[in-house]
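**Q** Here is my input, please return the structure:
(2 chains)
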Number of protein chains: 2
Amino acid sequence: MHYYDERLTDLVFSYMRDRLAMDPVPLDHPGVKDKLDAALAGLITAEGHDPAKVLEVYADQLAPAVISADSPRFLSFIPAAPTKAALLFDMVVSCASLQGISWLEASGAIAAENQVLRLIADKAGMPASAGGCFVSGGSAANLSALVVARDTARRTRPGLGVPRVAVSDQAHSSIINTLNIIGAEALVVPTTGHRLTGEALRAALEADGGRDVIAVVATCGTTNAGIVDDLAGVAEVARERDLWFHVDGAYGGAGLFAPSVRDLYAGIEHADSFVVDPHKWLFAPFDCAALLYREPRLARAVHTQDASYLDVLHTEEDEWNPTDYAYHLTRRARGLPLWFSLAVHGVDAYAEAIEKGIELARRAAALVRGSEHLELVVEPTLSVVLFRRKGWQADDYHRWSQRLLAGQIGFVTPTGWEGETVARFAFLHPGTTVEIVEEILATM
Amino acid sequence: MHYYDERLTDLVFSYMRDRLAMDPVPLDHPGVKDKLDAALAGLITAEGHDPAKVLEVYADQLAPAVISADSPRFLSFIPAAPTKAALLFDMVVSCASLQGISWLEASGAIAAENQVLRLIADKAGMPASAGGCFVSGGSAANLSALVVARDTARRTRPGLGVPRVAVSDQAHSSIINTLNIIGAEALVVPTTGHRLTGEALRAALEADGGRDVIAVVATCGTTNAGIVDDLAGVAEVARERDLWFHVDGAYGGAGLFAPSVRDLYAGIEHADSFVVDPHKWLFAPFDCAALLYREPRLARAVHTQDASYLDVLHTEEDEWNPTDYAYHLTRRARGLPLWFSLAVHGVDAYAEAIEKGIELARRAAALVRGSEHLELVVEPTLSVVLFRRKGWQADDYHRWSQRLLAGQIGFVTPTGWEGETVARFAFLHPGTTVEIVEEILATM
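**A** Just a heads-up that it's a prediction; the model follows:
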C-alpha cells in the first residue's frame, strides 16, 4: 500500500485532470440512498479491488450524487469557487500529507500560512501583534475565540458568574451552539433592519444591567442576508464596557478586499478576534477558516496543550505553534492553498473577483426590481439577494427549487425572512453570469 | 483564476508525481524563521508571480523546512503513513473541493464515508444503530462526543450540578482541554501501571461519592505509551452508575484491526462514543478522525444547527447529515481517502500493516533488552516503546534527539515518564525497518 504505483497514479491523475478542466462543472443531483448503497455494496472486502473499478464506482455513481459547490449555478447556502491554483495546491498538501502542527515540525508551512494571516490582519487594520491560525471551519474558529474570551474574563474578573455574550438576533447558528458548548448564556440584542448597532447594544446592556456580560459577537456579512453590523458602534460599546469584541466574518469577511464595500467594515480594526473562511469568498477549497487574535498570548494561555510527549514543542521563543491558538492539535496545513493562489494571482485579482459577486448582486437586484411579479426583500449589502415571487407560498418556493435543480438550471434553495419563505441567491463564483440569473428568474 | 490552465496544471502535477514517487521521503529539518521570512518576502503582491517561481520557493525553501511525518524515520509524537491510494484520493477530494456537509448536497460522498464508519463500528462490535461522522481531529471528536454526554445527562438528570467526568491520570491533554471548554470538572482516577481499571474507577467513585459524575473517558492506546485501559471493567462500572462511556482511540483504536491485540479491546462494544483517527494508524492523510455514537439520535439533539437558510437540509427521514453529529457545519469529505484505499487494498492489508508496527515494537523492545546500556521502561502494548539510556539525564536525550535529526537518521523526541525523561519510539510506518531501529539505538 505504501509503494508508488505508476498505474494507480496515472489512473487518478487522469481523472483529476479531467475534473480540473471541466468548464463549467456539472451541478449534479441529490442521491438516492438505496441506489448509493447498492453501488457501494461489497466494495470493502478482505482482499480489495482493482482501483479502476473503485474509481469507476466513484466517478459514475458517487460523484454525480454530490451537488458541485463550485458550479457557477450553485447559489444556495454559501457556494464555493476555489481558484485552480488553490485546488492544485490543496492537492500538493494532500500528496505530501503536509501537516502544520508545530513550529518544530512544520515551520516552512506555518511561515507561509502566517504570511496570509498577516495580509488578512492588515486588510482588517489589526495591529502588528495580531496572529492566529487556520482551522477547519467557522464553527471551530468561533468556538476557539470565544473560549479565549471566556477564560480571559475569568482571569480578569474575580467573582464572574455564568458568563454571558451579547449576540444579535441575526447571529449565525454556530454562535448559539458555541455558547451552549462553552456554558455561556446569550444576551440577545434586537436589531434594526437585521443589523446590530452600537446604540442597540448599549440600550440592551443598560436595560439588562449587563452583569457578567464578557463579550459581544458582531457579524460582517450575515449568512442569510449579507448584512454587515455597525462594527464601529459595537466596538465603541465594547471598549466602554471592557467586552471582548469578536467579529464573525466567516462569509462576509472577504469583503475587506473589495474597495466598493470596505467602508462598511469600519471598526473591525478594534476586533479582539476575527474569523473569515477562505473556503467561502476567498476562493480556497474546503475546509479552511482563518482565525486572528489581537493579542495571541491570550489564546496561548487557553489552548496550549500540556502533555509529556509534547514538551519538546515549547522550547523556543520565536516559535509559532498553530496548536496554541485554537482547539486542535493535529492539523493539515490548510492555509497553504490560499497562500499559493495569492502569490500566483496577486491580491488585485482577488479584489476583482470579490467585486464581481457584489456587482452581480446589484444587477440581480435590479432585475428583480424590474420584474412585475418579483419583489426585493431587502437591498443587498454584499453578494446575497433576498427576493419574493408575489403570491407564492412556502410550497411554491420549494417546488420551484426542486424543479430548478432537476433541470440543472440552478441550485437555489429558499430561506426564511421575518417568518416568510423567500428566494435567496448567494453569489460568489466569478463564473456566475447575469444570463444565468436571468434564466433562473424567468422560471418564477 | 477560475479557468483551467494547462501549464500550471502540468507544473504542479509533475511536482506531485515526484513527491509521490519518492521512496523514502526525506526526513528534512526544522526551519529558521529569518531564512523562511526572507524566502517569502515580497511573494504576496498586488500583481502576482509566475507559478513556477512560487512553486520553486515552496519546493526549495518551505517544504524542506517541514519534517516529513510520512518518513519511515519519523518516530516522534504519532507519525503518519498514508497509503498511496489514500493520498491520491485525498487529491481527488481536493481537486473537486468535495464537501460532505449534508445529505441533500453530498449524499454520494456521505454514503461512502458511512460505509467506512460501519466497518469501524463492526470492528468495535457496536450495534447496528451506531453512526457518526468524520471530523478534523481527535480533539474535535472528543469535544463533540463529550458535549453530547453532558447535554444528555442534563436532560435525564434533573438537578445536575457542574458536570464531572471521570478520567484517568493518563488521559490525553485534549481531554483536559475539552473538559475546560465544556465547563466540566475532572474526577481524576489513579491508574495501576498507567492503566485505568474498572476496579480503580469504582473505588474512586465510592471514595468521592460520585455526585454529578456523568461520564467516564477510557483510552485504548495512550499516546505516550500505547497502554489500553481495562475497557470491559470500565464499561461495567459505567453501566452500574449510568455513566456515558467514551473511548478515546485516536491513536490506538486502529488496533481493533489487528488480531494479535484485539483481545485487549474487549468491552469497547459497550462504548457510547468512540474516536479513532484514520490519519494516524489507519494510514489516511491529515486530517481525519472518525467519531461514532452508539445512539446517534442523542448527538442530533445537541449538534443540529438551526438557521433559516439551513431549513431545507432537514426534511427527509433517511437523510444522514454529518453536521448533526459533531461541532462543525462546512466540512471536506475527509473520510473518502480511507474509503478508497480500503476498497482498493482490502481490510486484510490494513490488518497486516498494523501488525507490522506492533511486531516492530516487540522487536525494538527485544533489542533494548539485549543491550547493556539500555533499559525498557515498560513492556510495549501496541506500537510505542519507552526506554532509557542508563546514566542519561534530560539534556543527554535532547542533545541526542537533535543529533539524530541533524544527521537525518531519525526524528525521535524524548518524553516524560513518572518524572523522568526517557526515549520513545512510536512506530506505525510499514517502511520503518528493524535496521533503522538498530541504526538509531547504536547512536545512544
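**Q** Quick check: residue A:37 is in a helix.
**A** Yes - applying DSSP: H, G, I helix; E, B strand; the rest coil, one finds residue A:37 inside a helix.
**Q** From residue B:118, how far out is it?
**A** 11 Å (Cβ to Cβ, to the nearest Å). Heads up, the C-betas are built off the backbone N, CA and C, glycines and all.
**Q** Show me which of those two is the more surrounded one.
**A** The neighbour count for residue A:37 versus residue B:118, taken as other Cβ atoms under 10 Å in any protein chain shown, is higher for residue B:118 (16 against 13).
**Q** State the three-state secondary structure for that one.
**A** Going by three-state DSSP: residue B:118 is helix.
**Q** tell me the pLDDT at it?
**A** Residue B:118 carries a pLDDT value of 98.
**Q** How many neighbouring residues does the nearest residue to residue A:161 once chain neighbours are set aside have?
**A** Spatial nearest neighbour of residue A:161, chain neighbours left out: residue A:212 (4.6 Å); criterion: Cβ to Cβ, 6 or more residues apart in numbering or on different chains. Residue A:212 is flanked by 17 other residues according to other Cβ under 10 Å.
**Q** surely residue A:212 meets residue A:164?
**A** Yes - applying Cβ atoms under 8 Å as the test, residue A:212 and residue A:164 come out as touching, 5.0 Å apart.
**Q** Which residue ranges of chain A form strands?
**A** A:131-135, A:164-168, A:185-189, A:213-219, A:244-248, A:273-276, A:289-293, A:374-378, A:384-389, A:415-417, A:420-426 (DSSP state E).
**Q** For chain B, find the nearest of these.
**A** Nearest of the strands of chain A to chain B, taken as Cβ to the nearest Cβ: strand A:415-417 at 3.4 Å.
**Q** helices or strands next to that closest one in the packing?
**A** strand A:420-426 (3 or more Cβ pairs under 8 Å, 6 or more residues apart in numbering or on different chains; DSSP states H and E).
**Q** In contact with the most centrally placed residue in chain A, which residues?
**A** When Cα atoms, centre = their mean is applied to chain A, the residue found nearest the centroid is residue A:277 (3.4 Å). By Cβ atoms under 8 Å, 6 or more residues apart in numbering or on different chains, the contact list for residue A:277 reads A:137, A:138, A:141, A:250, A:251, A:253, A:288, A:289, A:290, B:330.
**Q** So which of those residues belong to helices?
**A** Using DSSP state H, A:138, A:141 are the members of the contacts of residue A:277 that sit in helices.
**Q** As JSON lines, the contacts of residue A:277 with distance to residue B:355, pLDDT and neighbour count would be great.
**A** Listed next are these as JSON lines, based on distance: Cβ to Cβ, whole Å; pLDDT from 0 to 100; neighbours: other Cβ atoms under 10 Å in any protein chain shown:
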{"residue": "A:137", "distance to residue B:355": "36", "pLDDT": "95", "neighbour count": "28"}
{"residue": "A:138", "distance to residue B:355": "41", "pLDDT": "93", "neighbour count": "30"}
{"residue": "A:141", "distance to residue B:355": "40", "pLDDT": "97", "neighbour count": "31"}
{"residue": "A:250", "distance to residue B:355": "44", "pLDDT": "97", "neighbour count": "29"}
{"residue": "A:251", "distance to residue B:355": "47", "pLDDT": "97", "neighbour count": "27"}
{"residue": "A:253", "distance to residue B:355": "48", "pLDDT": "98", "neighbour count": "31"}
{"residue": "A:288", "distance to residue B:355": "36", "pLDDT": "97", "neighbour count": "27"}
{"residue": "A:289", "distance to residue B:355": "38", "pLDDT": "98", "neighbour count": "28"}
{"residue": "A:290", "distance to residue B:355": "41", "pLDDT": "98", "neighbour count": "30"}
{"residue": "B:330", "distance to residue B:355": "37", "pLDDT": "92", "neighbour count": "26"}
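**Q** how close does the residue nearest to residue A:357 when sequence neighbours are not counted sit to residue A:442?
**A** Closest residue in space to residue A:357, ignoring its immediate chain neighbours: residue A:383 at 3.8 Å, by Cβ to Cβ, 6+ apart. Distance of residue A:383 to residue A:442, given as Cβ to Cβ: 21 Å.
**Q** any idea which residue of chain A is furthest from its center?
**A** Distance-from-mean max, chain A, by Cα atoms, centre = their mean: residue A:47 at 40.2 Å.
**Q** quick one, phi psi at it?
**A** Here the main-chain torsion angles of residue A:47 (degrees, to the nearest 10) amount to phi -100, psi -20.
**Q** Give me the pLDDT for it.
**A** Reported pLDDT for residue A:47: 97.
**Q** same thing with residue A:304?
**A** 88.
**Q** Report how many residues lie close to it.
**A** Residue A:304, neighbours per other Cβ under 10 Å, totals 16.
**Q** Now for the nearest residue to it once chain neighbours are set aside: which residues touch it?
**A** Nearest non-adjacent residue to residue A:304, counting by Cβ to Cβ, 6+ apart: residue A:324, 4.7 Å away. By Cβ under 8 Å, 6+ apart, the contact list for residue A:324 reads A:296, A:299, A:300, A:303, A:304.
**Q** picking that back up, how close does the residue nearest to the centre of chain A sit to residue A:415?
**A** Distance from residue A:277 to residue A:415, by Cβ to Cβ: 19 Å.
**Q** So residue A:402 versus residue A:151, what's the distance?
**A** 46 Å.
**Q** more neighbours, the two?
**A** Using other Cβ under 10 Å as the criterion, residue A:402 and residue A:151 rank with residue A:151 on top: 20 against 13.
**Q** ok, now which ones touch residue A:2?
**A** Residue A:2 touches B:81, B:83, B:84, B:283, B:353, B:429, B:430, B:431, counting by Cβ under 8 Å, 6+ apart.
**Q** Stretch A:291-298: which residues count as buried?
**A** Using 16 or more other Cβ atoms under 10 Å in any protein chain shown as the test for burial, stretch A:291-298 gives A:291, A:292, A:293, A:294, A:295, A:296, A:298.
**Q** just checking: which of those also lie near chain B?
**A** By Cβ under 8 Å from any Cβ of the partner chain, no member of the buried residues of stretch A:291-298 lies near chain B.
**Q** can you put these in TSV and add distance to residue A:59 and pLDDT?
**A** Formatted as TSV, those follow (distance: Cβ to Cβ, whole Å; pLDDT from 0 to 100):
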residue	distance to residue A:59	pLDDT
A:291	36	98
A:292	39	98
A:293	43	98
A:294	47	98
A:295	49	97
A:296	44	97
A:298	48	96
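**Q** Residue A:262 contacts residue A:256, correct?
**A** Yes - if you go by Cβ under 8 Å, residue A:262 and residue A:256 touch, sitting 6.5 Å apart.
**Q** Looking at these two, which is more packed in?
**A** residue A:256 (24 against 14).
**Q** Might one say that the more buried one is in contact with residue A:123?
**A** Yes - in terms of Cβ under 8 Å, residue A:256 counts as a neighbour of residue A:123; the distance is 4.2 Å.
**Q** okay, now residue A:406: neighbour count?
**A** Residue A:406, neighbours per other Cβ under 10 Å, totals 10.
**Q** Spit out the contact partners of it.
**A** Per Cβ under 8 Å, 6+ apart, neighbours of residue A:406: residue A:29.
**Q** ok, it to chain B distance?
**A** Remark: distance between residue A:406 and chain B (Cβ to the nearest Cβ, to the nearest Å) = 13 Å.
**Q** Can you give me the separation between that residue and residue A:69?
**A** Separation of residue A:406 from residue A:69 (Cβ to Cβ): 18 Å.
**Q** Over to residue A:261?
**A** Residue A:261 is 23 Å from residue A:69, by Cβ to Cβ.
**Q** Same drill for those two, tell me which one is more crowded.
**A** Regarding residue A:261 and residue A:69, a neighbour count based on other Cβ under 10 Å identifies residue A:69 as having more, with 28 against 21.
**Q** What is the neighbour count of the closest residue to that one other than its chain neighbours?
**A** In this structure, residue A:69 finds its nearest non-sequential neighbour in residue A:80, 4.1 Å apart by Cβ to Cβ, 6+ apart. By the measure other Cβ under 10 Å, the count of residues near residue A:80 is 24.
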